[in-house]
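[1] One predicted model, sequence on top.
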Amino acid sequence: MDDTSSKNLKTDSAGDEVPELELTDADILDAMQHIPGYLDITTEDFRAIYHLAHHHAAGRLFGKIRAANLMRTGIEPLLPDMPLDQAARALVKSGYKALPVVDTTGRVTGMLTETDFLRRLKVDTFLELLLSMLDDTFELKHRCHETPVSEAMTAPAVTVAGDAGFSEIIRAFRQHDGRGIPVVDGDGRLLGMLLRKDFITAYHLEPLQ
């Protein structure tokens, strides 16, 4: 098998995003010694076969993944003009660490996360906030009931389409550190939310975290 023929073989795009272990010549020679009989191939041939087999397996395992099949539905989004104190109660009630923000047509305009609240309170972690509150001189100066969600949310939101496949989902998660991504239709309207933990757990992708 020469380099030209191996390059002409098509592989599923899902394989491009799955980490592939790089084989050294020593790895290949050791493996070939454990195969009975004589192998009339070079280490480069062996490496090309491994590369193509990896892509084929990745396509078989992940080629049919779609965001719509993994997303959580029934998400109650936030509105841009909602006060932050009301949004905080909605977040707690939802059980999520973030919720999408939509306009009057249902199009996703941003995401409001717990980190956005911490940023408004000028702290990095909830533990830092707790320690500040234990200080006798602490005074909460931020008026959450007067601040709309639109002023605190992260925008624009990173979203994926309902028919997004493995590669698109991976790229979206790599764009930010959030735990969830809104899933939208062709017009950007909210369909549901894909959680990072659901995606990783469903396909045993812990090494990709």
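    Structure received.
[2] got a list of what Ala152 touches?
    Ala152 makes contact with 84, 112, 116-117, 119-120, according to CB atoms under 8 Å, 6 or more residues apart in numbering. Where C-beta positions appear, they are placed from N, C-alpha and C, glycine not excepted.
[3] Which helix or strand contains the spatially most central residue of the chain?
    Geometric centre of the chain, nearest residue: Phe173, 2.4 Å, by CA atoms, centre = their mean. Taking DSSP states H and E as the criterion, Phe173 maps to helix 166-174.
[4] Give the next helix or strand downstream of that helix.
    strand 180-184.
[5] residues in contact with that next one?
    67-68, 71, 96-98, 100, 107-108, 111, 157-162, 164, 169, 172-173, 190-196.
[6] burial measure for Ile181, as a count.
    Neighbour count for Ile181, taken as other CB atoms under 10 Å: 28.
[7] My error: substitute Thr159 in the last question.
    21.
[8] Could you do Asp40 as well?
    6.
[9] so where's the longest helix in this structure?
    Determined from DSSP state H, the single longest helix within the chain is helix 43-62.
[10] For Ile169, give me its contacts.
    Applying CB under 8 Å, 6+ apart, the residues near Ile169 are 65, 67, 160, 181, 194, 199.
[11] how about Gly178, what does it touch?
    Contacts of Gly178 by CB under 8 Å, 6+ apart are 97-98, 111, 113, 154, 158, 196.
[12] Would you quantify the distance from it to Leu194?
    Here Gly178 is placed at a distance of 11 Å from Leu194 (CB to CB, to the nearest Å).
[13] just His176 next, same as before
    The value you get for His176 to Leu194, if CB to CB is used, is 13 Å.
[14] Between those two, tell me which one has more neighbours.
    With other CB under 10 Å as the criterion, His176 and Leu194 differ in neighbour count, and Leu194 comes out ahead with 25 against 13.
[15] number of nearby residues for the spatially closest residue to Leu91 that is not a sequence neighbour?
    Leaving aside its chain neighbours, Leu91 sits nearest to Leu99 (5.9 Å; criterion: CB to CB, 6 or more residues apart in numbering). For Leu99, the neighbour count with other CB under 10 Å is 23.
[16] and what of Arg119?
    Count around Arg119 with other CB under 10 Å applied: 13.
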